[in-house]
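In: what's the 3D shape of this:
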Amino acid sequence: MFLSSALVLLYSIPFRSLSKKSTMSQELVVSPQGLSQATIVEMIQNALSANTLRAYQMDLKIWQGWILSNDLSISDALSIQGLIQYLHAIKVGRKSSTISRYLSSIAFFAKCNHFDDRTKHPYVQLTLKAIRKEIETATKQAVGFSQEMVNAAIKGAIAKYHALVLTRETE
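Out: Next up is the predicted model:
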């Protein structure tokens, strides 16, 4: 079933050994708070919509692929440097809102798996801000107005005004 597979991915990405460096166990059966994985999964399921779970699943699969391709441990991937490297690796061809969502998915994963959430660290946020600026400047920079364009717009507005005045006078 989709929902349960999304939750398994959400709750236990390191679940299978992700790299030679990974020292994590296959599953966290009981949380430090004494809650079973089944209870935590049920809590997540009740709190999040299917669309949110699907988005988290897709985002975390992309992150997992990056971790594997770079032979990182989860701890390394969740470090400030790891998160900054990931942001730079995924920025090409993506909107800034998508990159922000990827980071949110990682934050949710970290919290659910009792890791420190470093996604809000100032250096990570500054990197995200710089990437947003880079992406949005490249795609949304408008062409500046020339003096001729301004003059033409003014002449057009004046002509419309005179036409409107003449129409009203002839009525």
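
In: Where does the residue lying closest to Ser104 once chain neighbours are set aside fall, secondary structure wise?
Out: Of all residues not flanking Ser104 in the chain, Thr119 sits nearest, at 7.5 Å (CB to CB, 6 or more residues apart in numbering). All C-beta atoms are positioned from the backbone trio N, CA, C, and that covers glycine. Using DSSP states H and E, Thr119 falls within no helix or strand.

In: Return the residues in contact with Thr119.
Out: Shown in contact with Thr119 (CB atoms under 8 Å, 6 or more residues apart in numbering): Leu83, Leu103, Ser104, Ile106, Ala107, Ala110.

In: Taking those residues, tell me the two that lie furthest apart.
Out: Using CB to CB, the two most remote members of the contacts of Thr119 are Leu83 and Ser104, lying 12.2 Å apart.

In: Of these two, give the one with the bigger neighbour count.
Out: Using other CB atoms under 10 Å as the criterion, Leu83 and Ser104 rank with Leu83 on top: 23 against 15.

In: ok, that one touching Ile106?
Out: Yes - assessed by CB atoms under 8 Å, Leu83 is found in contact with Ile106 at 7.2 Å.

In: Tell me the spacing between the residue lying closest to Gly82 once chain neighbours are set aside and Ala130.
Out: Computed as CB to CB, 6+ apart, the closest residue to Gly82 that is not its neighbour in sequence is Asp76, at 5.1 Å. Distance of Asp76 to Ala130, given as CB to CB, to the nearest Å: 22 Å.

In: Look at those two and report which has more neighbours.
Out: Neighbours were counted for Asp76 and for Ala130 using other CB under 10 Å; Asp76 has more, 16 against 13.
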